[in-house]
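A.B. asks: compute the structure for the input listed below.
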Amino acid sequence: MGRLVMVVWLFVLMVITSSYTANLTSILTVQQLSSPVTGIESLISSDWPIGYQVGSFAYSYLQENLGIKPSRLVSLGSPEEYEKALRQGPNKGGVMAIVDELPYVELFLSKRTDFGIIGQPFTKSGWGFAFQKDSPLAVDMSTAILKLSEDGKLQQIHDKWFCNLSCPGERIINAKINQLHLISFWGLYILSGAMALIALLVFLLRMVRQFVRYKRREMNSASSSSISSSSHCSHIVFNFFNFIDEKEEAIKKMFAQFENRRTDASSET
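C.D. replies: Modelled structure (predicted):
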């Protein structure tokens, strides 16, 4: 039983050690692959090339409002160029990051899960619909947008078109969920605990059974040989805990001695 419990414990230890090694490797790899960019401030204070969409207001905003040199700005015209420039990186002729309007960025990320948004949006200007002056469509359109926003359908439309694979926020949540914790091994804990408990119960039952057999044989031996060997057995008192302390071989020897005494007593009578 001890060997069986040890095998189960070794199996649990092997699984936990392997999982810990895999998680540690993953954590170190993620730390090495994480971008040094933390937001627009880190881009401004560095010398890394920055990508922007051709024809976007981002070029003038980065140059005039944020004071970034034009030599650091790289124009990109398509999502494919976005991906190529990001994968090349600043050391291979690419860019360190891309500054673009949030809808375009979310559309780009909807089909590519190995990129993400760093930092918070740093402009508050949004998009809108332009109508002729005093057009009745402006009121109807604004009312419809407000209604969709209140009902939650506007967010559903956003998730449908921009979160085909996963949204940036969902990626972070999923990454936390996929991490292994102590509770992840509850099945192994139950298995090892159950095996240890079963082994303990079997051991106690065996000891009780052997102790009962020992006491019975002791009483029979004492009664059968009370004349010749009562002095040897009358002062021998064993309790259960002392009996458990005995080794398996010692217990077998005691049973053998009882058998020999019974044989001797029967031969004398």
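A.B. asks: got a list of what Glu83 touches?
C.D. replies: Phe108, Arg112, Phe115 (CB atoms under 8 Å, 6 or more residues apart in numbering). C-beta: built from backbone N, CA, C; applies to glycine.
A.B. asks: what's the helix or strand for it?
C.D. replies: Assigned by DSSP states H and E, Glu83 falls within helix 79-88.
A.B. asks: and if you look at Ala196?
C.D. replies: helix 186-224.
A.B. asks: against which helices or strands is that helix packed?
C.D. replies: Other elements packing on helix 186-224 under the criterion 3 or more CB pairs under 8 Å, 6 or more residues apart in numbering; DSSP states H and E are helix 2-33, helix 230-233, helix 240-245, helix 248-268.
A.B. asks: kindly recompute the last result at 6 Å.
C.D. replies: With contacts taken as 3 or more CB pairs under 6 Å, 6 or more residues apart in numbering; DSSP states H and E, helix 186-224 sits against helix 2-33, helix 240-245, helix 248-268.
A.B. asks: state the mean pLDDT of the helix holding Glu83.
C.D. replies: Averaging the model's pLDDT scores along helix 79-88 yields 90.
A.B. asks: just the CA trace of it, in PDB.
C.D. replies: Output of helix 79-88 as PDB, limited to C-alpha atoms (Å, rounded to 0.1, in the frame of the first residue of the first chain):
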ATOM      1  CA  PRO A  79      -3.600  46.400 -43.500                       C
ATOM      2  CA  GLU A  80      -1.100  44.200 -45.200                       C
ATOM      3  CA  GLU A  81       1.500  46.900 -45.100                       C
ATOM      4  CA  TYR A  82       0.500  47.400 -41.400                       C
ATOM      5  CA  GLU A  83       1.200  43.800 -40.600                       C
ATOM      6  CA  LYS A  84       4.400  43.700 -42.600                       C
ATOM      7  CA  ALA A  85       5.800  46.800 -41.000                       C
ATOM      8  CA  LEU A  86       5.000  45.600 -37.500                       C
ATOM      9  CA  ARG A  87       6.500  42.200 -38.000                       C
ATOM     10  CA  GLN A  88       9.700  43.600 -39.400                       C
END
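A.B. asks: tell me the mean pLDDT over the next helix-or-strand element following that helix?
C.D. replies: Using DSSP H and E, the helix or strand that follows helix 79-88 towards the C-terminus is strand 97-98. For strand 97-98, mean pLDDT rounds to 90.
A.B. asks: and the angle from the following helix or strand past strand 97-98 to helix 79-88?
C.D. replies: Downstream of strand 97-98, the first helix or strand assigned by DSSP H and E is helix 102-109. Relative orientation of helix 102-109 versus helix 79-88 (axes from the mean of the first three to the mean of the last three CA atoms, to 10 degrees): 70 degrees.
A.B. asks: so what touches the next helix or strand after helix 102-109?
C.D. replies: Note on helix 102-109: by DSSP H and E, the next helix or strand toward the C-terminus is helix 136-151. Around helix 136-151, the neighbours that count as contacts under CB atoms under 6 Å, 6 or more residues apart in numbering are Phe129, Phe131, Leu154.
A.B. asks: can you add distance to Leu204 and pLDDT and give those residues back as CSV?
C.D. replies: CSV is the format used below for these (distance: CB to CB, whole Å; pLDDT from 0 to 100):
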residue, distance to Leu204, pLDDT
Phe129, 80, 82
Phe131, 86, 88
Leu154, 67, 83
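A.B. asks: quick one: find the helix or strand in the protein with the lowest mean pLDDT.
C.D. replies: One helix or strand of the chain scores below all others by mean pLDDT, DSSP states H and E: helix 230-233, with a mean of 39.
A.B. asks: if we can go back for a sec, any chance of the contacts of helix 136-151 in CSV, with neighbour count and distance to Phe11 too?
C.D. replies: Listed next are the contacts of helix 136-151 as CSV, based on neighbours: other CB atoms under 10 Å; distance: CB to CB, whole Å:
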residue, neighbour count, distance to Phe11
Phe129, 9, 64
Phe131, 14, 70
Leu154, 15, 52
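A.B. asks: what is the nearest of the residues you listed to Gly119?
C.D. replies: Nearest to Gly119 among the contacts of helix 136-151 is Leu154, at 24.4 Å by CB to CB.
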